[in-house]
Each structure stands twice: as C-alpha cells, then as structure tokens.
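# here is my input, please return the structure:
(one chain, ligands or ions: 1)
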Amino acid sequence: MKRRQFLKSSAVAGTVLAFSSANVWAKDADARIEVLLDEPLGEISPNIYGQFTEHIGGVIYDGVWVGEKSKITNQYGIRSQLVDMMKQIHVPIIRWPGGCFADSYDWKDGIGEASKRPRRTNFWEVDHDAIRLHDKGPQLFETNEFGTNEFIRFCKLTGAQPYLAANLRSLPALDFDHWVEYCNSPAGSTTLAEVRAAAGFPEPFNVRYWGIGNESWGCGGDFTPEDYASEFRRYSDWIPRYGIDLQLIGSGPNDNDIDWTHRFFQRIYSDRAYNNPSFTGWSVHHYASNLSRGKTKDWLAGKGDALQFDSVDWYELLRECDGMEQIIHDQWAVMGQYDTQHRVKLVVDEYGPWYREGTELDPTHIFGQQITLRDALATALTLDTFNRNPEKVSMAACAQLINNINALFMAHEDRFFATPNFHVFAMYAAHQGGQALRTEFSAPDVQYVRDDRPARFWGLNGSASRKNQDVTLTLVNPDLSKTMETQIALRGAAVASASGTVLAASDMHAHNTFDHPNAVMPTALAIAVGGGLLNVSIPAASVTKLEIVLR
Ligand code: AHR
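I've put the predicted structure just below:
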C-alpha cells in the first residue's frame, strides 16, 4: 500500500462559510457531504458510548482489578491507568458481571469480607479456550474478590453509571429482588442495607439499569421466546423501587433474529398485556464472528484472524459489522408492531469483531485478541450507525472494555496500552448528548473481488451532531488505497472555524503493543475553504473527526 503523508495544519479560523445555491460542488471531488442543520434526528444518548466488563479471561482479573496490595498503581484495587483513560472518554455506563457469566453468578458470593468469599467455578470453564488454563487462577476458579461493592467503586471512580445483569437462569427471582435491595435500599432501612454499610457503603448505590438475564435464547437458559417472556414477567414485575426510575432491559435477539423478537413481544403485549413502564430496553448482540463468507456455519471454523488478513477480509469484516444498520431497522419495525408508542428502545449491549484465538497477550485472556486499524474502522462505523438512529438506540456497550473481544485497552500485570478503539471513542465522545443531524453522503462505492465475483462496499459514511454552535462530523473511509477528496456543505448556517483529526496508518494491520503503544495514534488533519465549502482530503483506511464551529 502507498505510504500516506499526513497533513500538518488543522484549523480554519475566522472564515465565513454558508452553503447556498451559489456554492458549486467541484467536478473533480471524490465525495460530497451535506449536513442538514435544520433536520435534527434526536438527541444522541451518551449511554450509547458504554462499555462491557465480564468475569471472563483477563477482563476483570489482570484488566480492571489488580488488588489493593498490588505494586501496580491502583485505587481500592482498581488499575489507576485504566480509570484515568476511561475518564478521558467519558464512559457513561458499564455493564457487569456478564454476559454468559451473569446467569451463573450469585451476587451474594461477592459481598462481605473479601477473604471469606467463596471460590466458585467460573462459567467460562466450559469454553474450549479455558483448556489452555492449566492452573487454578481466577479465570477458571472465581475468587469473588471483585463483587458488587468493587464494581460500584469502579463506576464511581470512572464517573460511569452501573448496568447490572441479573441471573435468570440459575437463581430464583427473589435473589434478584434482594440484589436490588442490597444496592438500592436506603441507609439503615434493611438488613442488606446494613451489610452494605458494614462494607463502607451506607448510602444506596441507586442502580437504575438492570438486565433481565443475558442471551436467554442461549447461555442464559436456552429458553423459547414464550418461556422467556413468562420468566421476564416474574423477574421484572413488582421488584423493589425505592423511588428510583428503574430501567429494565429484556434479553433480545442474537443478531437479527426476528422470530425471537416477534414471539417475545407478542407474548408480552398481545396475550395478557404487560404494562410495566420500567421495561424500556431490548438488548441486541451483534458480533462480526463468522468471516467464512458462507463456507461454514461452525462457530470456531468461521472465525477470521485478528492480525493475518488480506484486503478482501478487510472489506468483509467491515461489511459484517455494518449489518448493524439493518438489525436496528428490522428489530425496530418488529417491536413497533406491538409496542406502538415505541416505549422500548434498543440496547446494543454487545458488539464488535470476534476473531479466533491466538493473538491474546496472555494465555489467561480468554477471547483476548489484538485490535488493529481495521477494528477501529469497524467500531467507528458502528458508533456512526448508533448516532444516525438516536430515537431507536438508547444504550450500547462495546464488548469488551479490556483484554477481550473488541477491547479499548490491553493490560498484563504492570503493562498497559490503549488500542486504536480507544482513540475512536476519544474522537467520538463529542457526539455524546448532541442533536444528531441528517447528513447526506455521496461517494462512489469501493469495488473489489470476493471469491472471483465483483463485490462493493460503500465509499464514505459517517454521522453528524450539533451542540449549540459546535458541529461534530465523524467519517469512515474504508477504501484501502483511495484518499477521498471531499467537499462538505453545512446547509443553513455559516462556518466560523473548523479543525480535523484523523486516525490512519500506512499498514492496514497496524496495531499498538506493549513495546509500541503509540503505533496507531490520531493526528491533525488539514481543512481548506473553497467555494463556500469545506474541503478535506480523507486518507485511505481512516477514521476522521471534524469539529466545526458555526457563526
Ligand atoms: O462477550 C463474550 C460473550 O459473548 C458473552 O458472555 C455472551 O453474552 C456473548 O455470547
């Protein structure tokens, strides 16, 4: 691939730009973008920038939790470097304790004096990857050192809201009530509030977000949608509230499983209507995990490699991730047939590219994988998709925060680095709470050959949002060889200044490592003015953020 030159300057200040009929699109521009300032789509919920942490491999033990006695800098046992960097990207919510782990977890094991907490077999002991773990470490045999108190501490340190997943497969509904009671009952009111106070937390945690099981069609109980609907009623109705506006999230489909959603919603809304106003979220999981292009449906055989891939694999991975848009539209349409007011929104609480084992940084990191520039584009186009659908997607969580599938961070013992995904979240943070704006993209498709047949993928896409006079426009150029000479018009206002940031690299496999933690880093991108439009060269294989100030 051709080595790319980074442009140096980045800001156009004090220039007045207004899009009008007098502006003429340049004939030789590769791409045109029109941001329609008068067409807001809705507020982008900050919660779509959430993260997911599960007791699996190196996520909690080695990633988040190092222990209070560790030489690694920590706050109450939690890795300080991680906390500091999470604050930089304003992580709004953290989901915990799973994933599949959640439906095998007894929250009571994780409270009280740490040295007295029981050791249990971790859910992931069943996974074939766990065979690699010959020792008796916490990845296989859960020590419960990190429990509800520690997780809430982690949330408080990072400034995030907790999102807890209840165990619906292997604990009775009363245990869920008691977990809510432990977290939310007022100081001094219940025996569990006193247990919480004895651990140093007299004040309630006020946890609002609760998942009612996880993947209830699979590891969360192998239910039929109808059976899950019955369980959902039992677990979600009449739980203690303490005046808190609880938000309950149902376990939605795997990918775009329409049947699961139809049958669940039919049972909940049509048969004997369930009117719990706290049911506001329907979880969706979408992993780009089968990259075999239809050659196999086998879960393991279908996976691609995190580091060894060619240009076709690059486009195909992005295409798989881009399926999110269709999932959102299809699921929303089905839900609307029953929930006609659309009280229930989509909560995409697991997403990302998922590769075969082999690039994890330590054998204990089950599902650990390296994160390249390709994954940064996949993550960015997913976030753009959420931004473009603000009325449908209320919350999301990237799977998973550290040492796992689509991680933002990697850590082992005292070493730590941020992956390209972290930089995407840093660039996109400006969208949080903004008004999404309808934005039109016009760019030629990328054309390539897949299995001897011509294939196409879009050439440029993204999302825009506005907060007062500030407009944020984020863009993904998936083309591996073409710099997109792009013209941008803002319909309805004049521009005072603009600056750009780009995440790109000369090698599509580029990734950060312990030895080279800054191999993939954002740099400044120049923006020029011409004919009343913004002109910018969007490098091949890149993620771009433009910050535009309106007059
Ligand atoms: O993120 C890893 C696993 O993937 C989660 O535990 C589960 O919910 C999903 O299948």
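
# CA only for contacts and neighbour counts going forward, please
Fine.

# alongside the ligand, which residues does the stretch 201-350 of the chain contribute?
Glu215 (CA under 6 Å from any ligand atom).

# and the chain, which residues reach the ligand?
Going by CA under 6 Å from any ligand atom, the residues of the chain near the ligand are Gly98, Gly99, Cys100, Glu215, Ala399.

# in a markdown table, list those along with neighbour count.
Shown next, in a markdown table, are the residues of the chain next to the ligand (neighbours: other CA atoms under 10 Å):
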| residue | neighbour count |
| --- | --- |
| Gly98 | 22 |
| Gly99 | 25 |
| Cys100 | 24 |
| Glu215 | 22 |
| Ala399 | 28 |
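
# how about the nearest residue to Phe101, chain neighbours excluded?
Excluding its sequence neighbours, the residue lying closest to Phe101 (CA to CA, 6 or more residues apart in numbering) is Phe123, at 5.3 Å.

# and that neighbour, what is it in contact with?
Cys100, Phe101, Ser104 (CA atoms under 8 Å, 6 or more residues apart in numbering).

# next: Gly50.
Val91, Pro92, Ile93, Ile94, Arg95, Met395, Ala396, Ala397, Cys398.

# do Asn512 as well
Ile371, Thr372, Phe417, Ala418, Thr419, Pro420, Asn518, Ala519, Val520.

# quick one: buried ones out of the residues you listed?
Buried members of the contacts of Asn512, scored by 16 or more other CA atoms under 10 Å, are Ile371, Thr372, Phe417, Ala418, Thr419, Pro420, Val520.

# going by distance to the ligand, which of those wins?
When those are ranked by distance to the ligand (CA to the nearest ligand atom), Ile371 comes first, at 15.3 Å.

# now the strands for the stretch 251-400 of the chain?
Along the stretch 251-400 of the chain, the segments classed as strands by DSSP state E, counting those that start in this stretch run 279-288, 345-353, 393-399.

# any chance of those in CSV, plus distance to Arg119 and mean pLDDT?
Shown next, in CSV, are those (distance: least, CA to CA, whole Å; pLDDT from 0 to 100):
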stretch, distance to Arg119, mean pLDDT
strand 279-288, 30, 98
strand 345-353, 27, 98
strand 393-399, 26, 98
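
# for this protein, which element, helix or strand, carries the lowest mean pLDDT?
Taking mean pLDDT, DSSP states H and E as the measure, the chain has strand 11-18 as its least confident helix or strand, at a mean of 43.

# and the longest strand along the chain, what's buried?
Longest strand of the chain, by residue count under DSSP state E: strand 31-43. Neighbour counts over strand 31-43 (16+ other CA under 10 Å) mark Ala31, Arg32, Ile33, Glu34, Val35, Leu36, Leu37, Pro40, Leu41, Gly42, Glu43 as buried.

# next one: stretch 119-128
Neighbour-count burial for stretch 119-128, counted by 16+ other CA under 10 Å, picks out Arg120, Thr121, Asn122, Phe123, Trp124.

# re earlier: now, which of the contacts of Phe123 sits nearest Leu174?
The shortest approach to Leu174 among the contacts of Phe123 belongs to Ser104, at 15.4 Å (CA to CA).

# for the residue of the chain found nearest the ligand, give me the pLDDT.
Closest residue of the chain to the ligand, CA to the nearest ligand atom: Gly99 (3.2 Å). pLDDT recorded at Gly99 is 97.

# next one: Leu291
Predicted confidence (pLDDT) for Leu291: 92.

# quick one, what contacts it?
Gly302, Lys303, Gly304, Asp313, Glu316, Leu317, Glu320.

# now those residues as a markdown table including pLDDT and neighbour count?
Listed next are those as a markdown table, based on pLDDT from 0 to 100; neighbours: other CA atoms under 10 Å:
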| residue | pLDDT | neighbour count |
| --- | --- | --- |
| Gly302 | 93 | 17 |
| Lys303 | 94 | 20 |
| Gly304 | 95 | 21 |
| Asp313 | 97 | 18 |
| Glu316 | 97 | 20 |
| Leu317 | 97 | 24 |
| Glu320 | 97 | 19 |
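
# in helices, which of those fall?
Asp313, Glu316, Leu317, Glu320 (DSSP state H).

# hmm, back to that, among the residues of the chain next to the ligand, which pair sits farthest apart?
Across those (CA to CA), the longest gap, 13.9 Å, separates Glu215 and Ala399.

# work out which residue lies at the spatial centre of this structure.
Cys398 (2.4 Å; CA atoms, centre = their mean).

# correct me, but it touches Asp349?
Yes: the pair Cys398 / Asp349 is scored as a contact, 6.7 Å apart, by CA atoms under 8 Å.

# anything in contact with each of these two?
By CA under 8 Å, 6+ apart, the residues touching both Cys398 and Asp349 are Phe52.

# what helix or strand is Glu485 on?
strand 484-491 (DSSP states H and E).

# give me the helices and strands touching that strand, please.
Here strand 484-491 touches strand 11-18, strand 31-43, strand 533-538, going by 3 or more CA pairs under 8 Å, 6 or more residues apart in numbering; DSSP states H and E.

# out of the ones you listed, which gets the lowest mean score?
With a mean of 43, strand 11-18 has the lowest mean pLDDT of the helices and strands packed on strand 484-491.

# one step back: so what does the helix or strand following the strand holding Glu485 touch, helix or strand wise?
For strand 484-491, the succeeding helix or strand toward the C-terminus, using DSSP H and E, is strand 494-503. For strand 494-503, the packing partners by 3+ CA pairs under 8 Å, 6+ apart come out as strand 11-18, helix 420-428, strand 522-525, strand 542-550.

# so who does Glu39 touch?
Glu39 is in contact with Leu437, Arg438, counting by CA under 8 Å, 6+ apart.

# and it, how far from Leu490?
Using CA to CA, to the nearest Å, we find Glu39 at a distance of 11 Å from Leu490.

# cool, and Glu360?
Using CA to CA, we find Glu360 at a distance of 44 Å from Leu490.

# which one of those two has more residues nearby?
Leu490 (24 against 21; other CA atoms under 10 Å).

# ok, back up a step: so which of the contacts of Asn512 are in helices?
In helices, defined here by DSSP H, the members of those are Pro420.
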